[in-house]
Each structure stands twice: as C-alpha cells, then as structure tokens.
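Visitor: Any chance you can model this:
(chains A and B)
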Protein chains: 2
Amino acid sequence: MANVLVTGGAGYIGSHACKALKQAGYTPVTYDNLVTGWQDAVKFGPFEQGDLTDRGRLDEVFAQYKPVAVMHFAALSQVGEAMSEPGRYWANNVGGSLCLIEAAVAAGCLDFVFSSTCATYGEHDNVVLDENTPQQPLNAYGASKRAVEDILKDFEAAHGLRSVIFRYFNVAGADPEAEVGEFHQPETHLVPLMIQAIKGERAALTVFGTDYDTPDGTCIRDYVHVCDLVDAHILGLKWLEDGKGSRVFNLGTGTGFSVKEVLSHSHAVTNTEVPHVIGPRRAGDCTKLVSGSVRAGEELGWEPKRSTMDQMISDAWRWHQSGYYER
Amino acid sequence: MANVLVTGGAGYIGSHACKALKQAGYTPVTYDNLVTGWQDAVKFGPFEQGDLTDRGRLDEVFAQYKPVAVMHFAALSQVGEAMSEPGRYWANNVGGSLCLIEAAVAAGCLDFVFSSTCATYGEHDNVVLDENTPQQPLNAYGASKRAVEDILKDFEAAHGLRSVIFRYFNVAGADPEAEVGEFHQPETHLVPLMIQAIKGERAALTVFGTDYDTPDGTCIRDYVHVCDLVDAHILGLKWLEDGKGSRVFNLGTGTGFSVKEVLSHSHAVTNTEVPHVIGPRRAGDCTKLVSGSVRAGEELGWEPKRSTMDQMISDAWRWHQSGYYER
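Guide: Numbering: from 1, shown residues only, chains lettered A, B, ... in the order given. Just a heads-up that it's a prediction; the model follows:
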C-alpha cells in the first residue's frame, strides 16, 4: 500500500484523514510533535514523532517511508493565541511548512495536499467568498496560512511541486464510529465547548459578541463535517495522482449558522440547554464567513453527506461520551 | 546622537540611507552579513557583521547600541534568483526579518522602517497602483516582502511595534558626491548594467522582451533616485518619532520609462550608445509598474528632487568612474 505522510496526524482533522486514507487503501504515516496532538489518536498507521522544523528528522522519515504524497495538517491554529503570540505562528506555521516543503522536494515527493483556511480571506461583508476572493487575512493565523499558499506556488514554479490547497470553513463533528474525535487543550472550538458545558466539565460557554451585523447579532460560520472534509482530501490526492495539477478549493457547504443557531441545534440534539454567557467581541473574529464556491463539487466531485448541523453535533456528542485522549 | 540600526547598511540603498542618517544627525549602525553587501560601503558609522537569522548576535547589537529605531534593508532581492531558489528567499527574507523583529521588540525598540516593494502588487494592467491596490505578488521576492509586511502588522497588534513600510518602485542613481553607489555581484539592475556595457566591462546588455503591451514593447518602470528614496526614510523615521503611527507609502515618481527610453537617455547623457541585444521575456517580470500614489508627498512632505532620468544616469555614471567596491 502506498504511504502518505500526514503531518499533524495526531490532531483532530489529521486523525480523521488517517482513517479515511486507510479506508481508501493508503497507509497513513503520522508525523506529529505531540505539542497539540494526541498519540491516542494515531490508530490507523505508523507514528513518527518529530517537529516540522527538524529537517534531519523529516529527511529520515521521507527516506524510510518513501511517501507518494504529503497531507500537511500540522499547525498552530488558535486565533486568540495568534493575536497575542504572532511570532510563534510565523515560526511554526511558515518556517515549519517551508522546512517540510523543502524536505518533500528533496525527497522527490511532489504531490502535496495543504490545509489552509477561509481566515485567509479576512473580512468581506456581503461578498460571496470563492477561491478568487482577494485574501486579506486579519490575524497571524490567516496570514501564516496564506504565506504557506504562496510558498507552494513558488515551489511549483521552481521545483515542480503540485499542490491541492483546501481552504476550510468551520470544521465540526467526529468519526461516527467514535474511534477519533475533536479534543483540544485548551479548547476554543464551539462544538466541543458546548458539549463540555452541557456535561458540566466547564462552567459555561462564552458567546463572543452579540452586536455583529447579523440577524441575531452573533457571528455566522459555515460548518462542514470533519468526515466530509477529509473525504475531499482523498479526492484531492487522487486529483494530483491523475496529473490534474495544482488547484485551490474552498471546503464549506454554503450554509451559514450563527452561534445562537448552533446553540439551539445543540439543545435540540442533546435535550439539554447549553449553559452560556454573553461576552464581548473577540479580537480577530470576522462577522460572517460562508463559502460561495461550488468548485469542489463540480471539479472534485465532492458531496458533503454528513454536514447537517444536527449530524455534526450528534456525532461529536457520541465521541465525547467515550472519554478523551490522555497525555 | 541617537543610534539607528541599519540592516543591509553595506548594500546599495542601505549605504545611502546611512549617509542621509548621518547628515540628519543620527548615528547609523550597520548590521550586515556581507553576503551581498560591501564593507567598503560602510563609511558613516559603526559596522557590526552578522546575519538576520542570528538572534544572539542581534541581541548583542541591540544591547550595545540601544538604537531608537530600525531601518531594515537587508534582503535577497533578485527576481530571477527568487524564481529558481524560492526557499532561500522565504528563509532569509521572512525567517530573517521575523528574527530581527522579535529581537527589536524584545529590546523595546518599537519604531521600524521597512523597505518593501511594488513587486508585492503583482500584475495589474491599466490600474493605478496605490497603497490600497490588492497585493498579488508574482514571485517569491514579492511574496516574501508581503509576508514581512504581514508580520509587522501582527506585531503591532500584539506588541505595539510601529512601522513605516515603503513600497519601492525602481531605485537608481547614486550619491552625487560619489561616496557610495550601486554595485551588485552578479549585477541585474538596468542602470549599472548599461554603464558597465558602455564601459566595455560586459559584452552587451540584454533587453528582456520587446513584445509587452507597451508603446515600444519593453517593460515600463517608475524610477526614483536613491537619494530621494532615502530622504523619504528620514521623513518616515521622524513620522514615527512624532507618534503618527504605522503607515504604508509607495515611493515612486508616477512617471514611467520603458527600457528602450532608459537606453536612449543613457546614450544622451554619456554620449555613447549602450551595446545591447534583444532577448526573450524574463520570468517574473510585469508589463508595467508605475506608482499612482501621492500619499508620500501629501502626508510625509516628500519631494523627489533628483529623480529625472538624466540626473539618475549621470550620478550613477559619476560613481562608476570612481572604481567599485572590493571584497
């Protein structure tokens, strides 16, 4: 079976990608420094601990496994932290990705799937966000992801690297079989925060701002089920294997939910009201981020199957009953 | 006298900035690794050899000189090289600048003047390039400069760093007193290439492409005299000292010259035709880059005084008679 190097394979999206890769007939080789990832989440292939900035370790892993492609998920990804510690985001996300990309090129591994983000677009009120929308990131997280997109383009022109870049909207849900799920420490993502509040594991969820220019005043996001998201990555890998060349795809459903709507769905699915308090706006948050692209559907043949809000919450809820990863 | 740290102070623009700083009553402290700079060009203040990526060395220099501000010129800056070796551009220009910016913040040196480039805009046919034009760089040189602009914004939000960012159009000419001038090895800049061809120091100049959509088919650029350019930096430094906050300024005159027009002016000034041959387009070159901004004039009070093409060529010609720097 062909090996695929999965950086961040011990993280939320990376671990789901490993399961999807295994199901699609590949061997996922997880490369993760376990700073935010969980060794417990590495269940579908070999694990190699290492840092993106460690070129020697990367060279060893490329030599040992001879992967046919890289799926690059590893990144620091908290907007609040990016606002207060931008240097870490530039060093890890950009410096680390540069090191990985150089190692991949040196090893002749030229098919590269990269997890980027709609945060690269920044604020565009009343504009449909598609892949041609100008990228004007508002914080170091979005800026660092855009910089890696730039590096991939530069390395294509210079070294023939081919990349599929996915710009994620909000990812939620968990493996329906509850083998892997979403767990961050500290937790900053809405769905696990809601579930932990319902379970009494944290006092109450804070809703950051109710004075945005939206129908109910809370921010609107486009949620996609993590299993649908990683399905797109398998399609992206095959796209590259078929020689179709570099391409950028938004991954969102085109449907927006406000924070209050998500709380309401959660109440309905779990039969429990989510304990929450209202707080001020959080620096770096945009009013609305909803994908206006049909490219992934039309060109990759991607069809989200599980991305209803109720399904995302119930799958997340199921995994959260099974106990968390431990360090 | 207040010290100003000048990275790349041994290079073309940096050395002219050092002279202007001295004349304005500052002590320029040159920090340069001499990879592309020239120790011979350091004439107006102390010299400290070091690399941007050497945080320990930077910390020493900040501690020793306690500069009130940084002027950051040091960078790899050849488009052709950026196209073939993008990794070096990302590591040096972005990784190095990140290291410098972190050292400056750690030292409490929060006024920062950065030399960016119109290459961050990319191709915008028939569009007036002002500071609000979307940045869509076409190569790793422009992309690396845009990334540093992003880092400066992120560090302002997180750490209170204040920056004046200058986006240069094409810089030419030399100190009229011929103390410093323009000398690169290898040389890729039009004016010194012309002069070396006239002096018989190289066979003939290559004109890269005569099939662009311009009146004579050659690329159009906006040339600014290096002494006018560094004058803007002194104004930018005072802008920051006056607490006026972060700002981006284009530095160009708004007048475009095609390559053939520059050759014609050179013929007139030097009384010698420039030996040249016609070659194919060069990867990474845009058709036309001319500033459409009056911001530097209106807000900084910047007035280019020497930026006629004939003055730029005659000042460059004068310096080139005096012998080059040596390693």
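Visitor: Let me see the ranges of the helices in the stretch 101-250 of chain A.
Guide: Using DSSP state H, counting those that start in this stretch, the helices of the stretch 101-250 of chain A run over A:140-159, A:190-198, A:226-241.
Visitor: for chain B, what are the nearby residues on the stretch 1-150 of chain A?
Guide: A:82-87, A:89-91, A:94-95, A:98, A:101-102, A:134, A:136-137, A:139-140, A:143, A:146-147, A:150 (Cβ under 8 Å from any Cβ of the partner chain). Every residue, glycine included, has its C-beta placed from N, CA and C.
Visitor: rewinding a little: and among the helices of the stretch 101-250 of chain A, the most buried is which?
Guide: helix A:140-159 (a mean of 24; mean count of other Cβ atoms under 10 Å in any protein chain shown).
Visitor: residues near whichever residue of the stretch 1-150 of chain A sits closest to chain B, how many?
Guide: The nearest approach of the stretch 1-150 of chain A to chain B comes at A:Pro86, 3.5 Å away (Cβ to the nearest Cβ). Applying other Cβ atoms under 10 Å in any protein chain shown, we find 28 residues neighbouring A:Pro86.
Visitor: and it, what does it touch?
Guide: Applying Cβ atoms under 8 Å, 6 or more residues apart in numbering or on different chains to A:Pro86 gives the contacts A:139-140, B:151, B:154-155, B:157-158.
Visitor: Of these, just say which sits nearest to A:Ile195.
Guide: A:Asn139 (26.0 Å; Cβ to Cβ).
Visitor: how about that closest one, what does it touch?
Guide: A:Asn139 sits in contact with A:79, A:82-83, A:86, A:119, A:283-284, B:154, B:157, where contact means Cβ under 8 Å, 6+ apart.
Visitor: rerun at 7 Å
Guide: A:79, A:82-83, A:284 (Cβ atoms under 7 Å, 6 or more residues apart in numbering or on different chains).
Visitor: ditto for A:Val230
Guide: Contacts of A:Val230 (Cβ under 7 Å, 6+ apart): A:13, A:16-17, A:20.
Visitor: where do the strands sit along chain A?
Guide: For chain A, the strands defined by DSSP state E occupy A:3-7, A:27-32, A:47-49, A:69-72, A:111-117, A:162-168, A:170-172, A:205-208, A:220-225, A:247-251, A:256-258, A:276-279, A:288-289.
Visitor: lowest-confidence stretch among the ones you listed?
Guide: Per-stretch mean pLDDT for the strands of chain A is lowest at strand A:288-289 (a mean of 90).
Visitor: Parallel or antiparallel, which strands does that one pair with?
Guide: Next to strand A:288-289 in the sheet, as set by DSSP bridges, lie strand A:220-225 (parallel).
Visitor: What are the buried residues along the partner strand?
Guide: A:220-225 (16 or more other Cβ atoms under 10 Å in any protein chain shown).
Visitor: same thing with stretch A:108-126?
Guide: Those would be A:109-122, A:124, for stretch A:108-126 by 16+ other Cβ under 10 Å.
Visitor: Which members of these are the farthest-apart pair?
Guide: Most distant of the buried residues of stretch A:108-126, by Cβ to Cβ, are A:Cys109 and A:His124, 35.1 Å apart.
Visitor: ok so, going back, between the buried residues of strand A:220-225, which sits nearest chain B?
Guide: Closest to chain B, out of all of the buried residues of strand A:220-225 and judged by Cβ to the nearest Cβ, is A:Arg221, at 22.1 Å.
Visitor: Just to check, A:Phe169 is in contact with A:Val226?
Guide: No. Under the criterion of Cβ atoms under 7 Å, A:Phe169 is not in contact with A:Val226, lying 12.0 Å apart.
Visitor: in stretch A:310-324, what counts as buried?
Guide: Applying 16+ other Cβ under 10 Å to stretch A:310-324 flags A:311-320 as buried.
Visitor: Those residues in helices, which ones?
Guide: A:311-320 (DSSP state H).
Visitor: In CSV: these, plus distance to chain B and pLDDT.
Guide: Formatted as CSV, these follow (distance: Cβ to the nearest Cβ, whole Å; pLDDT from 0 to 100):
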residue, distance to chain B, pLDDT
A:Gln311, 36, 97
A:Met312, 31, 97
A:Ile313, 33, 97
A:Ser314, 38, 96
A:Asp315, 35, 97
A:Ala316, 31, 96
A:Trp317, 36, 95
A:Arg318, 38, 95
A:Trp319, 34, 95
A:His320, 33, 92
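Visitor: of all the residues you listed, which comes closest to B:Leu263?
Guide: Nearest to B:Leu263 among those, with distances taken as Cβ to Cβ, is A:Met312, at 64.2 Å.
Visitor: In contact with that closest one: list those residues for me.
Guide: Contacts of A:Met312 by Cβ under 7 Å, 6+ apart are A:172-173, A:191, A:223, A:225.
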